[in-house]
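Visitor: Compute the structure for the input listed below.
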Amino acid sequence: MAAPVLPVSRVPDSKDAPSLRWGIMGPGWIAERFTESVQAHSRQVIAAVGSRSLSRSKEFAEKFGVPAAYGSYHELASAPDIDIVYVTTPHNFHHSAALLALEAGKHVLIEKPIGLNAEQARDITARARSAGVFATEAMWTFFLPKFDIIRQILEAGTLGTITTVVAEYGEQFNRTHRIFDPALAGGPLLDLGTYPLALITEILGAPERMHVLGQPHESGVHAQLSAIMGFAGGSQAVMNTQLHNFTPTAATIVGSQATLTIDGPFNMPGGFDVRFPDGTQLRHNEPAGGHFEGLHYEAAAVARCIAAGRTESLERPLDASVRTMEAADEIRRLLGITFPGEDRTKEEL
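Guide: As a prediction, the model looks like this:
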């Protein structure tokens with residue numbers, strides 16, 4: 001019997017993707033990392049940037065050579081020479097900013113989390129499908145070449161029946177960071193926790209039951225939270241996310257026939273191992289990297305989808321985003337976490 005081997009990534013070179021003209025809605029940190037990555041590794045064009053502050057837009061445009069800068073999200077959404085809007089506003093505005101772009105007939109890529117809750121995620125999904133335009137959540141991890149290999153491993157049944165997924169993500173932040181601001185939906189869950197939660201729900205689906213623990217922070221947000229989840233068939237998952245300090249950000253997928261362990265940080269470019277009970281080990285090696293090395297893959301995948309006439313990505317379908325937000329909603333319900341303005345249909349942009 002031939003020794004097992006790992007599949008090969010099917011992700012094409014990002015430079016081979018057709019070029020789109022992108023408008024950046026919210027010139028913050030992630031918008032800068034995205035722009036750096038796509039300008040270096042793809043043919044995507046950052047054609048415009050919009051903010052509620054024209055001076056911020058102009059500063060971003062000058063820094064990255066972007067030809068157009070707007071002083072409102074409305075102006076950017078209505079710009080006639082933009083193919084797609086990348087929503088990188090604070091969490092509170094993801095939903096309303098996405099609707100603004102969709103109502104203007106623009107394709108949209110929405111930074112994670114897709115909304116504050118599952119209701120907002122479902123609303124974006126319904127409106128995008130009704131409009132017949134492309135929409136997806138920028139859960140960039142799932143667009144990386146290594147995750148295409150992991151997806152093939154799971155689909156082939158190499159691990160056997162999945163029994164357990166364990167994933168965590170912790171970082172240390174300066175006390176002035178928005179993650180400590182309750183008014184901006186702060187706390188680790190929607191910033192860091194979406195990564196392990198998305199991985200868990202991608203592999204095991206929607207949890208049937210859940211137990212959670214939370215630790216409050218003096219700022220009014222949660223400092224950390226942990227969840228144990230049970231799924232149909234008896235599979236379990238364990239998640240922790242916290243703001244105290246950096247952690248390995250590791251992830252392990254346990255199956256009845258093999259265990260897959262992703263190097264930390266699991267959500268970024270890097271390697272992983274597949275280990276079998278007989279001692280056989282398969283290693284996927286790739287250089288560890290960050291946003292600069294990885295964000296261009298999602299941009300290229302989106303461009304290929306739109307060129308092919310697809311309205312959702314295979315890597316992160318809208319229903320998957322809704323499923324993750326439903327799990328996050330249940331964690332919040334059990335911990336009593338609410339966000340200001342969440343009950344309003346649209347935040348004022």
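Visitor: Endpoints of stretch 205-213, how far apart?
Guide: By CA to CA, to the nearest Å, the extent of stretch 205-213 from end to end equals 21 Å.
Visitor: which outside residues touch stretch 268-287?
Guide: The set of residues that contact stretch 268-287 without belonging to it, under CB atoms under 8 Å, 6 or more residues apart in numbering, is 3-6, 141, 144-146, 149-150, 153, 158-159, 257-264, 288-291, 293-294. No exception for glycine: its C-beta is placed from N, CA and C like everyone else's.
Visitor: Give me the subset of those that lies in helices.
Guide: When DSSP state H defines the helices, the subset of those inside them is 145-146, 149-150, 153, 291, 293-294.
Visitor: can you pull out the helices in the stretch 201-349 of the chain?
Guide: Assigned by DSSP state H, counting those that start in this stretch, the helices in the stretch 201-349 of the chain fall at 291-307, 318-335.
Visitor: For the last one, name the packing helices and strands.
Guide: Right, helix 318-335. Under the contact definition 3 or more CB pairs under 8 Å, 6 or more residues apart in numbering; DSSP states H and E, helix 318-335 sits against helix 118-131, strand 135-138, helix 194-204, strand 209-216, strand 222-230.
Visitor: what comes up buried for that helix?
Guide: Within helix 318-335, the residues scored as buried using 16 or more other CB atoms under 10 Å are 318, 320-332, 335.
Visitor: Just give me the closest of the residues you listed to Leu116.
Guide: Minimum distance to Leu116 across the buried residues of helix 318-335 is 8.3 Å, recorded for Met325 (CB to CB).
Visitor: Pull up the per-residue confidence for that closest one.
Guide: Reading off the per-residue confidence, Met325 sits at a pLDDT of 98.
Visitor: what sits against it?
Guide: If a contact means CB under 8 Å, 6+ apart, then Met325 has 113-115, 117-118, 120-121 as its contacts.
Visitor: Among the buried residues of helix 318-335, find me the one that's closest to Phe60.
Guide: When the buried residues of helix 318-335 are compared for distance to Phe60, the smallest value, 26.6 Å, is given by Ser321; criterion: CB to CB.
Visitor: my read: the closest one touches Ala135, true?
Guide: No: using CB atoms under 8 Å, Ser321 is not in contact with Ala135, being 9.4 Å away.
Visitor: anything in contact with each of these two?
Guide: Common contacts of Ser321 and Ala135 (CB under 8 Å, 6+ apart): Thr125.
Visitor: so what are the domain limits for the protein?
Guide: The chain is divided into the following domains under automatic domain parsing: 14-141, 145-287+317-335.
Visitor: gap between the two ends of the shortest one?
Guide: From the first residue to the last, domain 14-141 extends over 15 Å; the measure is CA to CA.
Visitor: Equivalent analysis for the last one, please.
Guide: End-to-end span of domain 145-287+317-335 (CA to CA): 36 Å.
Visitor: can you pull the pLDDT of the most centrally placed residue in the chain?
Guide: For the chain, Met139 is the residue whose C-alpha lies nearest the centre (CA atoms, centre = their mean; 2.0 Å). Reading off the per-residue confidence, Met139 sits at a pLDDT of 98.
Visitor: Ala3 now?
Guide: According to the prediction, Ala3 has pLDDT 61.
Visitor: Strands of the stretch 1-150 of the chain, residue ranges please.
Guide: Listed in chain order, the strands of the stretch 1-150 of the chain (DSSP state E, counting those that start in this stretch) span 21-25, 45-50, 68-70, 84-87, 107-111, 135-138.
Visitor: what are the pairing partners of the longest one, and which direction each?
Guide: Right, strand 45-50. Paired strands of strand 45-50, with direction, are strand 21-25 (parallel), strand 68-70 (parallel) (DSSP bridges).
Visitor: can you state the direction angle for it and helix 291-307?
Guide: Taking axes from the mean of the first three to the mean of the last three CA atoms, to 10 degrees, one finds strand 45-50 and helix 291-307 inclined to each other by 100 degrees.
Visitor: From the chain's centroid, how far away is strand 45-50?
Guide: Between the centre of strand 45-50 and the centre of its host chain there is 21 Å, according to CA atoms, centre = their mean, to the nearest Å.
Visitor: list the buried ones in that strand?
Guide: Within strand 45-50, the residues that qualify as buried by neighbour count (16+ other CB under 10 Å) are 45-50.
Visitor: Would you check which pair of the ones in helices among the contacts of stretch 268-287 lies furthest apart?
Guide: The span of these, defined through CB to CB, is set by Ile153 and His291 at 24.9 Å.
Visitor: These two: which is more packed in?
Guide: For Ile153 versus His291, neighbours defined as other CB atoms under 10 Å are more numerous around Ile153 (22 against 17).
Visitor: Figure out which of the helices and strands packed on helix 318-335 is closest to Lys15.
Guide: Put simply, out of the helices and strands packed on helix 318-335 the one that sits nearest Lys15 is strand 135-138, at 19.9 Å, with distance taken as CB to CB.
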